[in-house]
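Colleague: coordinates only, no sequence provided:
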């Protein structure tokens, strides 16, 4: 799980359409709320759950936050599959 910033350089395939669009806004200098992404390669890692728990505990405990989910295959040029992978 990584915090997006102006130096983030993820591909669309790594973080999906929502994350990729937010990354583009940051690079343009547009302010967005603090945004964490879970790259698709991290989801196959055995230790991703431990890393996720540590970051959530450090960054989000006792704070209000919203969670948006998106699968990397949901946003395609030919079709949108939002919600089908829940």
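Modeller: Everything's here; your move. All of these numbers come straight from a predicted model, not from anything done at the bench.

Colleague: pLDDT (mean, whole number) over stretch 66-76?
Modeller: Averaging pLDDT along stretch 66-76 gives 69.

Colleague: kindly report the same for stretch 33-48.
Modeller: Mean pLDDT, computed over stretch 33-48, is 80.

Colleague: same thing with stretch 11-30?
Modeller: 91.

Colleague: how far is it from where the chain is centred?
Modeller: Distance, stretch centre to chain centre, for stretch 11-30: 9 Å (CA atoms, centre = their mean, to the nearest Å).

Colleague: ok, and for that stretch, which residues are buried?
Modeller: 14, 15, 16, 17, 18, 19, 20, 22, 23, 26 (16 or more other CB atoms under 10 Å). C-beta coordinates here come from the backbone N, C-alpha and C atoms, glycine included.

Colleague: what residue lies at the spatial centre of the protein?
Modeller: In the chain, the centroid-proximal residue (CA atoms, centre = their mean) is residue 37; its distance is 2.3 Å.

Colleague: residue 25 versus residue 15, what's the distance?
Modeller: 13 Å (CB to CB, to the nearest Å).

Colleague: all helices for the protein, in order.
Modeller: 12-27, 40-43, 48-60 (DSSP state H).

Colleague: quick check: residue 37 touching residue 15?
Modeller: Yes: if you go by CB atoms under 8 Å, residue 37 and residue 15 touch, sitting 4.6 Å apart.

Colleague: which neighbours do those two have in common?
Modeller: residue 23 (CB atoms under 8 Å, 6 or more residues apart in numbering).
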